[in-house]
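A.B. asks: generate a structure from the sequence data that follows.
(one chain, ligands or ions: 2)
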Amino acid sequence: MPGAMAAGTPRKPATVAVPDTGRYYWVELAGIVAWVGLFAWALLRLVPAVVENPFWAVAMVMSGYVAADFLSGFVHWAGDTWGSYQTPVVGKALISGFRDHHVDELGITRHDPVDTNGNNCLIALPAMVFLVVVPIGNPWVDGLSGFLLMTAMWTMVTNQIHKWAHLPPEKLSPFLRMLQRSRIILDPDHHRLHHAEPYLSHYCITVGWLNPVLDGLGFFRGMEKAIQAVTGAVPRAANGEAEEFGVFGESIIPAIVESEPETRASRTVAGG
Ligand SMILES: [Zn+2]
Ligand SMILES: [Zn+2]
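C.D. replies: Ligands and ions are numbered 1, 2, ... in the order given. Predicted coordinates:
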């Protein structure tokens, strides 16, 4: 459970980082409550438009699903690639979740609903507030509102879908397994490709439809090059935190083979 770690416990090299998220847990719970209230309010406002044009509503549900898939990949890539556990605000709120997940894949299956869904609700809150204050009645505004509302809805369920992809099949209903196998939601075999070395592809975790497109285009490597060129920041530079926190990919090896204090290879590869 979150917050279980004693505050004064000295940090040791750990297999999995367990940030002290005690207070943050309540922030997540408040985020979920706020999200549900705002979602219901925004949905009610759009009921007349849905009744008038159900096909429009279906198009919004589908386009929101694809948008959420992209968003899931983008946020996941950012969490895997930039910053560290100690980055203000997002270090604990976002980055720790993504990095821990690479050290302990099954940790997500032990999270309760608040842990599983709280962050996504918080991220979506600005959009949800926008959706309840924007004046509707204009077809374009209604269209944008419907699209954003459905994107928020699918973003909300993304972590749950991701969690299902890590659960043993026998713990899922036949219906959910059918959705996974049909690639209507994230398929565990597809998602496994993200959890394989070098951990640099298949970031989208709502359904993964966009993974072949984004990976094929080299979208995320291009983003990394552009960001590095402009800011000088080095992608995945915070992997050096591994010995203190237990981070991502390469850190698994020193965490398991405890007796071997092998120095991590220098990141300046050209130095040979
Ligand atoms: Zn990842
Ligand atoms: Zn995963």
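A.B. asks: show me where this protein has its helices.
C.D. replies: Per DSSP state H, the chain carries helices over the ranges 22-52, 54-81, 90, 96-103, 113-133, 139-166, 174-181, 188-192, 211-217, 219-231, 242-245, 252-256.
A.B. asks: pick the most buried one from these.
C.D. replies: Among those, ranked by average contacts under mean count of other CB atoms under 10 Å, first place goes to helix 96-103 (a mean of 22). C-beta coordinates here come from the backbone N, C-alpha and C atoms, glycine included.
A.B. asks: what separates the residue sitting nearest the centre point of the chain from Gly146, distance-wise?
C.D. replies: The centroid of the chain falls nearest to His76 when counting by CA atoms, centre = their mean (4.6 Å). According to CB to CB, to the nearest Å, His76 stands 25 Å off from Gly146.
A.B. asks: ok so, going back, so the residue nearest to the centre of the chain touches His202, yeah?
C.D. replies: No. Between His76 and His202 there is no contact under CB atoms under 8 Å: 9.4 Å.
A.B. asks: next one: stretch 76-92 to chain centre, how far?
C.D. replies: 11 Å (CA atoms, centre = their mean, to the nearest Å).
A.B. asks: where does pLDDT dip in the stretch 51-200 of the chain?
C.D. replies: Applying pLDDT under 70 to the stretch 51-200 of the chain flags no residue at all.
A.B. asks: repeat the analysis, applying 90 as the threshold.
C.D. replies: Within the stretch 51-200 of the chain, the segments meeting pLDDT under 90 span 51-54, 56-57, 83-125, 127, 136-144, 155-157, 159, 196-199.
A.B. asks: can you redo the helices of the chain as CSV with distance to Pro198?
C.D. replies: Output for the helices of the chain, formatted as CSV (distance: least, CB to CB, whole Å):
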stretch, distance to Pro198
helix 22-52, 31
helix 54-81, 11
helix 90, 24
helix 96-103, 11
helix 113-133, 25
helix 139-166, 20
helix 174-181, 25
helix 188-192, 14
helix 211-217, 12
helix 219-231, 11
helix 242-245, 15
helix 252-256, 13
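A.B. asks: tell me who's in contact with Glu28.
C.D. replies: By CB atoms under 8 Å, 6 or more residues apart in numbering, Glu28 lies in contact with 114-115, 117-119, 121-122.
A.B. asks: let me know the pLDDT of the residue nearest to Phe219 when sequence neighbours are not counted.
C.D. replies: Distance criterion CB to CB, 6 or more residues apart in numbering; nearest residue to Phe219, sequence neighbours excluded, is Val213 at 7.9 Å. Here, the pLDDT recorded for Val213 equals 98.
A.B. asks: what does Ser201 give?
C.D. replies: Looking at Ser201, its pLDDT reads 94.
A.B. asks: any figure for the gap between Ala42 and Trp35?
C.D. replies: Distance from Ala42 to Trp35, by CB to CB: 10 Å.
A.B. asks: which neighbours do the two have in common?
C.D. replies: Counting by CB under 8 Å, 6+ apart, the common neighbours of Ala42 and Trp35 are Met128.
A.B. asks: which non-adjacent residue is nearest Trp82?
C.D. replies: Distances taken as CB to CB, 6+ apart place Ala233 nearest to Trp82, at 6.6 Å, with adjacent residues excluded.
A.B. asks: what about the one you found, neighbour count?
C.D. replies: Around Ala233 there are 13 other residues, counting by other CB atoms under 10 Å.
A.B. asks: and what of Glu105?
C.D. replies: For Glu105, using other CB under 10 Å, the count is 14.
A.B. asks: again, but for the one 4 residues further on
C.D. replies: A total of 15 residues lie near Thr109 under the criterion other CB under 10 Å.
A.B. asks: any idea how far it lies from Pro168?
C.D. replies: On the measure of CB to CB, Thr109 and Pro168 end up 9 Å apart.
A.B. asks: equivalent analysis for Gln228, please.
C.D. replies: Noted for Gln228: a distance of 39 Å to Pro168, by CB to CB.
A.B. asks: and Asn159, what is it in contact with?
C.D. replies: 108, 116-117, 119-120.
A.B. asks: Val90 contacts Gly83, correct?
C.D. replies: Yes. Applying CB under 8 Å, one finds Val90 in contact with Gly83, separated by 6.4 Å.
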